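> Would you be able to build a 3D model of this:
(one chain, ligands or ions: 1)
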Amino acid sequence: MGLILASASPRRQELLRLITEDFTVFPAAVDESLPPVLSVQKAAQYLARKKALAVANEYPNDIVLGSDTTVVLENAIFGKPKTPEHAAEMLRQLSGKTHTVITGVALAQGERVSSFQTETAVTFYPLTEEQIQAYLATGEPMDKAGSYGIQGYGALLVQNINGDFYSVMGLPVAETARALQCFCKGNDVL
Ligand SMILES: Cc1cn([C@H]2C[C@H](O)[C@@H](COP(=O)(O)OP(=O)(O)OP(=O)(O)O)O2)c(=O)[nH]c1=O
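Presented below is the predicted three-dimensional model:
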């Protein structure tokens with residue numbers, strides 16, 4: 001029995017390595033559309049479970065970790081930008097406000113699945129159009145929820161966080177380590 005990370009995210013791979021080097025990567029290819037009745041607060045955990053179960057179905061003997069990070073502002077989900085202008089528009093909306101980054105984490109083995117989510121409040125400085133364009137020019141926004149990376153140049157946008165930095169980056173490392181221990185003992189994670 002091994003551990004599989006069902007993620008194409010290089011950040012998640014980097015963060016999981018803080019827990020263990022002994023895992024393989026098998027990105028989950030799932031439809032990330034959301035049921036209309038699902039609240040935005042539950043979307044990240046819903047998608048984390050969907051990713052983990054999709055890969056667990058392929059590898060029923062292994063433990064599979066799936067995760068999803070969403071940026072939520074005023075009850076709207078900001079996913080990964082489709083174009084640079086879409087990214088700029090997200091950053092204009094996030095400017096000077098506090099949003100919530102929700103990261104869902106799911107562990108699955110066969111049909112067994114257990115999950116949790118963490119929420120971090122992130123406050124942006126008010127951003128000028130010049131700052132937004134300069135950040136876009138780094139290329140960093142394009143593969144990240146909310147069009148920013150707190151671990152990179154995006155650090156310059158952030159005035160304050162309240163919660164887990166690593167959860168914003170893509171994986172709440174300490175909680176995931178403890179969840180893995182619980183799951184491996186046959187218990188639910190939280
Ligand atoms: C908010 C924020 C997100 N991100 C990244 C983490 C995730 O890679 C991405 C959120 O998109 P996700 O859909 O959660 O993950 P992904 O598509 O990159 O990978 P996979 O679905 O295969 O697991 O945004 C950062 O790197 N830094 C940040 O500050």
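> To what extent is the nearest residue to residue 169 once chain neighbours are set aside buried, counted in neighbours?
Distances taken as Cβ to Cβ, 6 or more residues apart in numbering put residue 151 closest to residue 169, at 4.8 Å, once the chain neighbours are dropped. Where C-beta positions appear, they are placed from N, C-alpha and C, glycine not excepted. As a burial measure, residue 151 scores 17 neighbours (other Cβ atoms under 10 Å).
> Residue 60 and the ligand, how far apart?
Distance of residue 60 to the ligand, given as Cβ to the nearest ligand atom, to the nearest Å: 20 Å.
> ok, now residue 98?
14 Å.
> Now do the same contact list for the residue nearest to that residue when sequence neighbours are not counted.
Nearest non-adjacent residue to residue 98, counting by Cβ to Cβ, 6+ apart: residue 123, 4.4 Å away. If you count contacts by Cβ atoms under 8 Å, 6 or more residues apart in numbering, residue 123 has them with 97-98, 158-161.
> Nearest residue to the middle of this protein?
residue 69 (2.3 Å; Cα atoms, centre = their mean).
> Give me the three-state assignment for that one.
Of the three states, residue 69 takes strand under DSSP: H, G, I helix; E, B strand; the rest coil.
> Name the nearest residue to it, sequence neighbours excluded.
residue 103 (4.5 Å).
> how much distance is there from the helix or strand harbouring the one you found to the middle of the chain?
Applying DSSP states H and E as the criterion places residue 103 in strand 98-109. Mean-position distance between strand 98-109 and its chain equals 6 Å (Cα atoms, centre = their mean, to the nearest Å).
> Give the buried residues for it.
When burial is assessed from 16 or more other Cβ atoms under 10 Å, strand 98-109 yields the following buried residues: 99-109.
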